[in-house]
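J.: sequence unknown, structure follows:
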């Protein structure tokens, strides 16, 4: 049982015990909660000492009640599904509508708000498991999920595995909010980002993709060379206006299913560089546009809009309703297997 691992972090409203797990390989360290599989801290070498580069909270109640999915594992389907509906094998499935007119991050009680079981814990590796029954949040099929967090040198890898007894959807990601100058350092708009993505999926006003892949060239979505996050974020460009900034899926260059570069980010203030590799077809850049000003964070920090950015590796949003997108259907008996690696180094 999970209670054999880690240290107590509180009890959920439903009376479930939550534990905090610590990984440390002498270069990078992190803590993970069994609630939501949340990455609560991630401390990496900075120019002037260790830097915790992910936003988070000090209490379980804040994670249960707070918006934004800070650090959480999200599923069964990360990101949005239009109008909370999709058809699979001729059957229409109805999901919770919890983001305007759409379904977001698995529903009212997605994997971000479930208590995961710890299957294994060593100094540098934690294996979490979740049993998701048939019909949970409207999704067909009994899905068994396993996520492995592992530290190797100056990198954190997240390995997602799942299998189902019926055809279903599966699209898992981690929703960490990064600030490479330190989680409590304020605006991240001066940090530079590069996306290894030549195209993106433009959306309607409710953040549902239009079903097309559009080239980034000649638009504020072109982040293929190092660019301060704030460089174009305020431009008079409809996609940025609707999202209040970046909140868009980009198609990662190269062959989906192979581990390849997806993004690079850096902070001149701390010297921290983060490179992201993934096997997923897409990556969502979200610039924390909807974090309210003055939100209390861990260690006395105060968070606000654009104090961080997310790089959520994923299948494209609304892919069950977009036949031209890579399929997020997991067939019965097949294996879902995706990996994302966050590699850290120092500039210069």
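T.: Noted; the coordinates are in hand. Since this is a predicted model, take the numbers as computed values, not measurements. Residues are numbered from 1 along each chain as shown.
J.: what about the helices in the chain?
T.: For the chain, the helices defined by DSSP state H occupy 60-65, 238-243.
J.: want to throw these into TSV with mean pLDDT, distance to residue 279 and mean neighbour count?
T.: To be clear about C-beta, it is placed using only N, CA and C from the backbone, and glycine gets the same treatment. Formatted as TSV, these follow (pLDDT from 0 to 100; distance: least, C-beta to C-beta, whole Å; neighbours: other C-beta atoms under 10 Å):
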stretch	mean pLDDT	distance to residue 279	mean neighbour count
helix 60-65	97	28	17
helix 238-243	98	26	16
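J.: Which of those helices sits closest to residue 182?
T.: Comparing the helices of the chain against residue 182 with C-beta to C-beta, the closest turns out to be helix 60-65 (19.2 Å).
J.: would you list the helices of the chain in TSV and tack on distance to residue 97?
T.: Formatted as TSV, the helices of the chain follow (distance: least, C-beta to C-beta, whole Å):
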stretch	distance to residue 97
helix 60-65	20
helix 238-243	19
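J.: and of those helices, who's closest to residue 152?
T.: With respect to residue 152, and counting by C-beta to C-beta, the nearest of these is helix 60-65 at 27.1 Å.
J.: circling back to that earlier point, so which of the helices of the chain comes closest to residue 336?
T.: When the helices of the chain are compared for distance to residue 336 using C-beta to C-beta, the nearest one is helix 60-65, at 25.4 Å.
J.: Residue 202 contacts residue 216, correct?
T.: No. Between residue 202 and residue 216 there is no contact, the gap being 10.3 Å when judged by C-beta atoms under 8 Å.
J.: wouldn't residue 263 be in contact with residue 275 here?
T.: Yes. Under the criterion of C-beta under 8 Å, residue 263 makes contact with residue 275 at 7.3 Å.
J.: quick one: low-confidence ranges for the chain?
T.: 1-3 (pLDDT under 70).
J.: Contact partners for the residue located most distally from the centre of it?
T.: Distance from the C-alpha centroid of the chain, by C-alpha atoms, centre = their mean, peaks at residue 90 (30.3 Å). Applying C-beta atoms under 8 Å, 6 or more residues apart in numbering, we find residue 90 in contact with no residue.
J.: Compute the number of surrounding residues for the residue lying closest to residue 257 once chain neighbours are set aside.
T.: In space, and not counting its chain neighbours, residue 257 is closest to residue 279: 5.6 Å by C-beta to C-beta, 6 or more residues apart in numbering. By the criterion of other C-beta atoms under 10 Å, residue 279 has 21 neighbours.
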